[in-house]
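Chemist: Turn this into a model:
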Amino acid sequence: MDTPGTTRGTGGTGGTGGTGGPGGTAAPRGDPGLFGPRSVTWHLHSDPMMWVAGVRALYLQALHPAAVRGVMINSTFMDDPWGRLNRTADFIGTLTYGTTEAAERAGARVRRVHRLLGVDDPALLLWVHCAEVDSYLHVLRRSGLPVDDALADRYLTEQRTSARLVGLDPGEVPGTAAELAAYFTAVRPVLAAGDDARAVEAFLRRPPVPAPLVPARALLWRRVAGLAYQSLPPYAHALYGTPAPPPDTVTRRLTATGGLLRRVPGRLRWQRPPRHILKAMARLGPDARPAPYKLRRQGAILDGPGRAEERTDGGDSTRWRTPG
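Modeler: Below is the predicted model of the structure:
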């Protein structure tokens, strides 16, 4: 695997100017950060289905015995699940939409915590990274975002920068869908649903909430967790000991859920603190607004005139076509 550059605005994706950098210097107005508005990452990470994708990643990550043991011993996830999920979302938001300095500082903080807890084994960090990016791509594409194969590869290449920030060598991280598939094939023999994995599975289905929120958990969270679990790959269902649901049924549910959530105006969804996207738009201007239709524009640049616009099923019409 080739080592990608780690300059701001991955793949020539810089924003409207500025040369902010790590090392304590204040980023000037216009610093696009590590990815920038012309990156695939910028648009994918703004989608509301990222929450479903994140829960899918947790189910998948729990299947690596060594990785999930580290979580059970060192993480506050079981004691403070909502705080942990919010901190993870904040980290991803900072890396994606923050200034270069803010992203580098967040990465340094995570690497320091990993070292202190002794959970900086590159093999385990790689598993966590691959389970995350696979889940993000899988759920977002399958729920209807216009991400063709070229854009998917570009996203994975961009995410090598995120991998660097948590302590991985970017050159050892899959940068294409083919490399990611090969990684999962190679790691599959070590995966298992032991006691720790089953504890995480049960916990994700019914996380603790204050008594007044129990009805909301039954109404909303159970559906999110259920959809995330259903979207797992067949081998994950086999390891957990449950039959994989019909793929067409899961695709219909993902598409319907994505369509419903995307009807909520972005400016309303993005008001949730710490408002990473709105801060980035204020820094870079209104043209920095993330939007799925801009992915089609990116695809047109990659594929040539007329080709990207023909692909509206997430770039994988044989697998993710919405049943009629």
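Chemist: doesn't residue 275 make contact with residue 267?
Modeler: No. Using CB atoms under 8 Å, residue 267 makes no contact with residue 275, being 10.2 Å away. Backbone N, C-alpha and C define where each C-beta goes, glycine included.
Chemist: Who has more neighbours out of those two?
Modeler: Under the criterion of other CB atoms under 10 Å, the comparison of residue 267 against residue 275 puts residue 275 first, with 14 against 11.
Chemist: Could you tell me the model confidence score at that one?
Modeler: Model confidence at residue 275, expressed as pLDDT, equals 95.
Chemist: Okay, it and residue 266: tell me how far apart.
Modeler: Going from residue 275 to residue 266 by CB to CB, to the nearest Å gives 12 Å.
Chemist: for residue 203, same thing?
Modeler: According to CB to CB, residue 203 and residue 266 sit 31 Å apart.
Chemist: ok, now residue 114?
Modeler: 33 Å.
Chemist: what's the answer for residue 31, then?
Modeler: Residue 31 sits 22 Å away from residue 266 when distances are taken as CB to CB.
Chemist: So which of those two has more stuff around it?
Modeler: Between residue 31 and residue 266, counted using other CB under 10 Å, the more crowded position is residue 31 (28 against 17).
Chemist: Strands of the stretch 51-200 of the chain, start to end?
Modeler: Listed in chain order, the stretch 51-200 of the chain contains no strands at all (DSSP state E, counting those that start in this stretch).
Chemist: Could you find the closest non-adjacent residue to residue 175?
Modeler: Counting by CB to CB, 6 or more residues apart in numbering, residue 175 lies nearest to residue 157, which is 4.3 Å off, once chain neighbours are set aside.
Chemist: And for that neighbour, the neighbour number?
Modeler: One way to gauge burial is a neighbour count; for residue 157, by other CB under 10 Å, it gives 23.
Chemist: got it, and the one 5 residues further on?
Modeler: The local packing count at residue 162 equals 24, with neighbours defined by other CB under 10 Å.
Chemist: How about residue 234?
Modeler: Residue 234: 11 neighbours (other CB under 10 Å).
Chemist: Can you check the pLDDT for the nearest residue to it once chain neighbours are set aside?
Modeler: Spatial nearest neighbour of residue 234, chain neighbours left out: residue 244 (4.6 Å); criterion: CB to CB, 6+ apart. We note a pLDDT of 95 for residue 244 in this prediction.
Chemist: so residue 244 touches residue 231, yeah?
Modeler: No. Under the contact definition of CB under 8 Å, residue 244 does not touch residue 231, with a separation of 10.1 Å.
Chemist: which ones are touching the residue nearest in space to the middle of the chain?
Modeler: In the chain, the residue lying closest to the centroid (CA atoms, centre = their mean) is residue 136, at 4.0 Å. Contact analysis of residue 136 by CB atoms under 8 Å, 6 or more residues apart in numbering lists 44-45, 50, 53-54, 57.
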